[in-house]
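Q: fold the following, please.
(chains A and B)
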Amino acid sequence: MARHLFDRVFCGSDEMFAKAEAEVNKLAAELGTSAPMVMPSTAYFLSCIYAYIGKKVTTVGELQEALADVKAMMLREPRTNSIFQSGVGTAIAAEMIEACKYARDPAPYGEAGSPDRKYWGHMTDAEVRELGVPLVTGDIPGFVVIIGPAPTTEEAAALIKGYQSRGIFVFLIGGIIDQAYEAGLSMGFPVRVVPVGQDIWAVGHVISLVVRAAMIFGNIQPGDCDGFHRYTFDRINAFVNAFKPVNDITVACGAGAIKLGFPVITNDHDDMWAVPKSLIIYDDYNDWIDTSLEARGIKLKITKIDIPVAYSSAFEGEVIRKADMQVDIYGAKVDCFELVQTKEAADVEDHKIEVVGPELDELEVGSMASLSYTIEVAGKAMQPDFEPVMERKIHAFLNCAEGVMHTGQRDMIRIRISKAAFDAGFRFKHIGEILYAKIKSEFEAVVDKCQVKIVVGEEKNNELRKGANKVFDARDERLKSMTDESVPVFYSCIMCQAFSPSHVCIVTPERLGLCGAVSWLDAKATYELDPNGPCQVVTKERCLDERVGRYEDIDEVLCDLSHGALEHVTLYSLFEDPMTSCGCFECICGVEPCSMGVVITCREFAGMTPLGMTFSEMASMTGGGVQTPGFMGHGKHFIASKKFLKAEGGLARLVWLPSELKEQVKDKVNETAKELYGIENFCDMIADENSCGSGDPEELLTFLSEVGHPVLGLEPFDM
Amino acid sequence: MKDWDRLITVEQMEEATASLLENAEKVGADTWQQRSKNQSPHCGFGEAGTCCRICSMGPCRITPKAPRGICGCDVHGIVGRNYLRFTAGGTATHSDHGREIMHTLHQTREGGNYQVKDPEKLIRIAKEWGVETEGKDIYDLAHEMAEIGLMEYGKPFGHQKFTDRAHPHTQELWDKADLRPRAIDREVVQSLHMTHMGCSSEAEALIHQSIRSGLADGWGGSMMGTEFSDVMFGTPKVMDTEANIGVMDKDMVNIIVHGHDPSLSEMIVHYAQDPEMIALAKSVGAKGINIAGVCCTANEVAMRHGIPMAGNFLNQENVVLTGACEAIVVDIQCIFPALGPLSKCFHTKFITTSDIARIPDSEFYRFSAETAGENAKAIVKMAVENFVNRKPELVNIPNQKTKARVGYAVETIKKTLDGVCNTHVDEMGTLKPLADVVKAGVLRGAVAMVGCNNPKVRPDTAHIELMKKMLKNDIIVVVTGCSAQAAAKAGLMDPDAKEFCGEGLKRVCELVGIPPVLHMGSCVDISRMMILASDLAKDWGCNISQLPLCGCAPEWMSEKAVSIGNYVVGTGINTYLGVDPYSKGSSEVTELLQGETGVKQWCEANYTVELDIEKLGDLMIEDIEAKRAALGI
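A: Residues are numbered from 1 along each chain as shown, chains lettered A, B, ... in the order given. Here you go, the predicted structure:
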């Protein structure tokens, strides 16, 4: 007689638990129970245990104690609750097995970036946070966990690339990883194909990422199992593809996945039990992608673009090295620019793509080219204010093409096109095709007609560039004049509520969204494009306190949009009802009590701050739509705003920045400080990990005194 | 598991009823609560089924001292005859309802009072019956089908056409045991004939005919009632409505429709939406016209129009006791004669409409298919004009109201299940997703809860408590009739009631977008459940009797319920009763109905009677688990 699904889950979870028990006990015998148990770069301990059981594991002994909690989840009633609980317990046991490796070595799979790092293993909080924006925008429409070896290497590669080309984030477990290496696929977090681990217990890392997303973005509290299940079921579009043979232990993991809301698709018929929308048995694995997307209810935003290479957000992080490039277009060396211009409808011929000058095949391989493209749009609802909004999207539009790399903006763009893309038939005109298709689809409410003019050649672009710069200068003037006081309204942005249900951003000209992706103009454009969409007008007529930026009308909107979770917010204060964060903020600032200043750190910086906390640890203090006075997530550009911590004295409070971030914001910060306080080169007064690397506040104070930092003359915070 | 907080408990409903009984006291009205006390204790001979008054030599009552009647009939013959007569009453009632529907179908015409709203379904049934449909006007086809359907009642030869729909194995069993019903009227008449003085006294023959008569109802008269109501009024679709006494609105003209035949209620609903009537309502100071249903009429109009359900069988007096009921309009079956005197205590108009149900102290409007529109309009108008007669000091509408998602005909269930199919893998339009989810154990099985209220059982408690028990054990519940309203009143038809279920059922509800208790219609619509079971067995690849499902009527009271029970068991589904069917006086009859040798041998299913509701629930779960074990799942 066939073995029933329930028996298989129970056997598999017993197996996983036995392995965990053996590993943990061995570890305890080896290192002693008081040995530290730390997962790297996370503020969430062993996150599966933290999330589902509510316990912070910091020592091997605590890990050992948690075994009993997991055992208690292994229910054996003939009811779905038992297989669900056992399935989740199996995932936690998997995390424990993997954690044992980290107890012995902080980088058991090799250091990040090391070529020896065949398996990715644990993912850091920073990596989880990076997913925020693309998840919200739909650039990552979902996640797939592929388990097992595919029948052939070619089929493995085809499946992975198929998902990648649809923007689906891919996690690989088991034999398919070797197949992916064999097929020469480029892998890693940035290209959204992560070879997690060889053994099935690597799923612990994936579930760890999932529960941290729930804690970071959803403010789900540790121990609130129902909250985690609801969050993953409603908001994390993940699913599993498992190649046969699927053993009991994998079936048990599958039960956990299904409990979380992630359907499993397999080609194994042996003792397998179909459950609609949850466990799908299907032999034709060439059709798994569409089957899986349908099973998880994932609808892809598809824009048909007529180009000879793949187009997906998965290629956004692709780097094209010098040796691989067909052409290099670089505004710092030759005349280049990108520009969006509003025209009269009669002056625009829809879908006209014009290349003036030589095409790509007329240029030498590896040469530097001067190139510009001007996108001319017309539409009844088009406003010149939308031009920069569209321009900022060009980076994402072009980067998504496989074999095309784009950085920078305006006349400082850099574009590389790979030899492979060229060989596939990619030409300059295809840049036009991409821009046309994306502008038309993403801005369809305001763009009726669109044409693209691409100009190649130093001579022509030299003149054109001067004209473009005049446009940019005029825009900058307008932006400069645009202050919180000069505009009639602000905008709310709840784009993140898909993941962070109670967070609300109030976007003003001098305070862009904390993700760094939504400026006041963006919010305005978003509102005009979709008046019922995520950005709404917020009036600012009933000011209650100008110093901290408190408005009665803003509070009303906040209360409404946060579904009553939040009642008050200020625009300019770190202490009084600070603005909440969703979790995908670029930077976080936190109060430094010795100097009465603030430190800011950013996602890219993994090191320690003078608060004795890393980015992950500081970030875990807030996020998920919670107000934490003294901590606040924000965008990079907000640092140089005159409204930054205005209520607490402004930029003069800033005492520490990671050097990389300091470099990025230096010019603007210096300019603002000069204007506000008359201080030249203010950035030199701000400490960083080089001048103050120990994380010791005394060292920081000494530095600040030496440079005469203005914070020392400010009143203490009114905490 | 924490109980889901929006659920309304029986205690809360009883409090609401208590406040209405205060109204009754104020006006000196009589209520069933009091009459039930007056009638207790009930006659022990009657309850055991051992009293015979079929001829005038008696009445004969069987005791140890007098083991036989005057004619010599023993207790088994007497109990068996009583049981068969009870059944025949139910079969006649349901089937006559079906017959009325067929007559109405015969009156349909383009632009008329009654029309064909689901021509596809008509054509589908016509093809099933071998009737040529090509190139035929839909109304010509409707009339032809009506005549053929009416012949099912009296045709001299052949069996019920709809029995050909049943699972092949079920048909085999019927033929083998000579249980496949012939003309409906013949089965009823033969039942009466067999039970006449001096005819059958063999328990086995009497129970055999009881089952066949029941099958003539379920696979004959009731099925025609259901199927052709769908043809005329539309096959139910999923819709959201509300339930419980709070659906009555103190600012509106409240018209309560009560009874069973949708032909009347459909018209009332139509004219209540008439702008002229609404304007009239406003002119008398009401905000509008509010229609709400009681009993199976409520089910019919809720399933097709989302009309709210004010209550079930034992709530029929409550709606009048609110003092806010302008008219209670009734057709047939389950109508308390008490409504006559009760309505006189208030301003309420009690309107009877059918020659089948003539009741003292009512106003009679003979309702016929030809004049249905005029009749309905006149009734609505009278109700509206009655609004001014309301006595404000007597108005008491308890604030109890739940959300309910209803409308699960078999067709709708299949369509809903398509939503969880994967277009790459699965076949659409089947019950296979349901079969799969039960095979995998995510759901343990299904229970069909049906039937009435009965003062012998604390009203609604058995329905609601059993349902809760099933839901917590991952057993999905399908309901009809007054059981459906009990579920709706409690809040179990709110999709959010998934929170109350076991993990498996909860997940199914979330994925499919259904409440855990599926409303399949009125009591004639138990025929839908027969099709569901039969199609499920076909899609599963087993016999109906092997499926992990059972039927349950924990608070039943009417003859119809016994007829229904007989066809449910006769279709191969074990059926659990919470009230004894007047059969306990005979060990032979009890064995034939509940043992291994009678109906179990013929149809592979039997009855279980258990008055302890908790035990009844345990027995159903055991039954379902045993069926699973036998299937190796």
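
Q: residue A:713: neighbour count?
A: Using other CB atoms under 10 Å in any protein chain shown, residue A:713 is surrounded by 9 other residues. To be clear about C-beta, it is placed using only N, CA and C from the backbone, and glycine gets the same treatment.

Q: what does the stretch 1-150 of chain A put close to chain B?
A: With CB under 8 Å from any CB of the partner chain as the criterion, the stretch 1-150 of chain A meets chain B at residues A:1-2, A:4-6, A:78-81, A:83-84.

Q: okay, now the unreliable bits of chain A?
A: Along chain A, segments meeting pLDDT under 70 span A:1, A:302-303, A:695, A:719.

Q: top helix in it by residue count?
A: Longest helix of chain A, by residue count under DSSP state H: helix A:5-31.

Q: chain center to it, what's the gap?
A: Relative to its parent chain, helix A:5-31 has a centroid offset of 34 Å by CA atoms, centre = their mean, to the nearest Å.

Q: mind listing what's buried in it?
A: A:5-17, A:19-21, A:23-24, A:27-28, A:31 (16 or more other CB atoms under 10 Å in any protein chain shown).

Q: next one: stretch A:426-444
A: Residues A:426-440, A:442-443 are the ones in stretch A:426-444 that count as buried (16+ other CB under 10 Å).

Q: and stretch B:277-289, by the same measure?
A: B:277-278, B:280-281, B:286, B:288-289.

Q: from those residues, which land in helices?
A: B:277-278, B:280-281.

Q: and for residue B:172, the neighbour number?
A: By other CB under 10 Å, 12 other residues sit near residue B:172.

Q: can I take it that it is in a helix?
A: Yes: counting by DSSP: H, G, I helix; E, B strand; the rest coil, residue B:172 is part of a helix.

Q: what about residue 584, which SS state?
A: The chain I'm using is chain A. Here residue A:584 is coil, with the state taken from three-state DSSP.

Q: pick out whichever of the ones in helices among the buried residues of stretch B:277-289 sits closest to chain A.
A: Comparing these against chain A with CB to the nearest CB places residue B:278 closest, at 32.0 Å.

Q: in contact with the closest residue to the closest one other than its chain neighbours, which residues?
A: Counting by CB to CB, 6 or more residues apart in numbering or on different chains, the nearest residue to residue B:278 once its immediate chain neighbours are dropped is residue B:288, at 5.6 Å. For residue B:288, the contacting residues are B:252-253, B:278, B:281-282, by CB atoms under 8 Å, 6 or more residues apart in numbering or on different chains.

Q: please repeat the previous calculation with a cut-off of 7 Å.
A: B:252, B:278, B:281 (CB atoms under 7 Å, 6 or more residues apart in numbering or on different chains).

Q: also residue B:255?
A: Contacts for residue B:255 (CB under 7 Å, 6+ apart) come out as B:268, B:272, B:289, B:291, B:326-327, B:329, B:380, B:383.

Q: I'd like those residues as CSV, with secondary structure, pLDDT and distance to chain A appended.
A: What follows is the contacts of residue B:255, written out as CSV (DSSP: H, G, I helix; E, B strand; the rest coil; pLDDT from 0 to 100; distance: CB to the nearest CB, whole Å):
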residue, secondary structure, pLDDT, distance to chain A
B:268, helix, 95, 39
B:272, helix, 95, 35
B:289, strand, 97, 34
B:291, strand, 97, 34
B:326, coil, 98, 40
B:327, strand, 98, 43
B:329, strand, 97, 43
B:380, helix, 97, 40
B:383, helix, 97, 42
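
Q: of those, which is the nearest to residue B:83?
A: Relative to residue B:83, the closest of those is residue B:329; by CB to CB it sits at 34.2 Å.

Q: next, the closest residue to that closest one other than its chain neighbours: secondary structure please.
A: Counting by CB to CB, 6+ apart, the nearest residue to residue B:329 once its immediate chain neighbours are dropped is residue B:351, at 4.6 Å. Classification of residue B:351 by three-state DSSP places it in strand.

Q: need phi/psi at residue A:538.
A: Here is the backbone geometry of residue A:538 (degrees, to the nearest 10): phi -120, psi 120.

Q: from residue A:554, how far out is it?
A: 6 Å (CB to CB, to the nearest Å).

Q: on that earlier part again, quick one: residues contacting the residue nearest to residue B:329.
A: Contacts for residue B:351 (CB under 7 Å, 6+ apart) come out as B:327, B:329-330, B:362-363, B:365, B:379.

Q: that one pairs with what?
A: residue B:329, residue B:363 (DSSP bridges).

Q: which residue is the nearest non-sequential neighbour of the spatially most central residue of chain B?
A: With distances taken as CA atoms, centre = their mean, chain B has residue B:523 as the residue nearest its mean C-alpha position (1.6 Å). With sequence-adjacent residues excluded and distances taken as CB to CB, 6+ apart, residue B:523 is closest to residue B:481, at 4.1 Å.

Q: was I right about the one you found contacting residue B:451?
A: Yes: between residue B:481 and residue B:451 a contact is recorded at 6.1 Å, counting by CB atoms under 7 Å.

Q: among these two, which residue is more densely surrounded?
A: residue B:481 (35 against 31).

Q: quick one: the more buried one from residue B:525, how far?
A: From residue B:481 to residue B:525 the distance is 8 Å (CB to CB).

Q: ok, now residue B:172?
A: Noted for residue B:172: a distance of 26 Å to residue B:525, by CB to CB.

Q: got it, and residue B:581?
A: Taken as CB to CB, the span from residue B:581 to residue B:525 is 22 Å.
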